[in-house]
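Provide a 3D model corresponding to the input given below.
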Amino acid sequence: MNDELIKKIIEDTYDDSKEDNLLSMVGQLYSRKMFSSFIVHVAYSLPFIAGAIFCGIKFFKTGQTQFQIMYAAIFVCCIQVCIFSKTKYWQMLHKINISREIKRLELRIAELNETVKNK
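Residues are numbered from 1 along each chain as shown. This next block holds a predicted model:
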């Protein structure tokens, strides 16, 4: 990668006014770049959320203990899948932040290399 390409990438992906705090990270989760990932996440989570709601309602409506245990177990499994999906989506955000930091380091190394060559 040449220096100009690295600078262009950093300028396109990094806004100096937004530091890496929790609010900006959550904002990046719902940005235009992550829209397709968000759609996949929602499409994956929605059936499990519906299943958890269904099992929660059925848990309180049934009177037999074995069915209550079954609905409670299915409810917990559905919630765990939703939590896993959110965790996976959050890790994708951290991957983007790490790649941005690596690009920033590449630029600084290139600048340092230029100053060493000039001296």
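
in what helix or strand does the spatially closest residue to residue 28 that is not a sequence neighbour lie?
Across the structure, with C-beta to C-beta, 6 or more residues apart in numbering as the measure, the residue nearest residue 28 apart from its sequence neighbours is residue 93 (5.9 Å). In short, each C-beta sits where N, CA and C put it, glycine included. Using DSSP states H and E, residue 93 falls within helix 65-118.

which secondary structure elements does that helix contact?
Helices and strands touching helix 65-118, as assessed by 3 or more C-beta pairs under 8 Å, 6 or more residues apart in numbering; DSSP states H and E, comprise helix 3-13, helix 22-29, helix 35-61.

Can you say which of these is nearest to residue 116?
Ranking those by their distance to residue 116 (criterion: C-beta to C-beta) puts helix 3-13 first, at 14.2 Å.

ok, back up a step: state the mean pLDDT of the helix holding residue 93.
Helix 65-118 shows an average pLDDT of 88 in the prediction.

Run the angle between that helix and helix 35-61 for me.
Taking axes from the mean of the first three to the mean of the last three C-alpha atoms, to 10 degrees, one finds helix 65-118 and helix 35-61 inclined to each other by 160 degrees.
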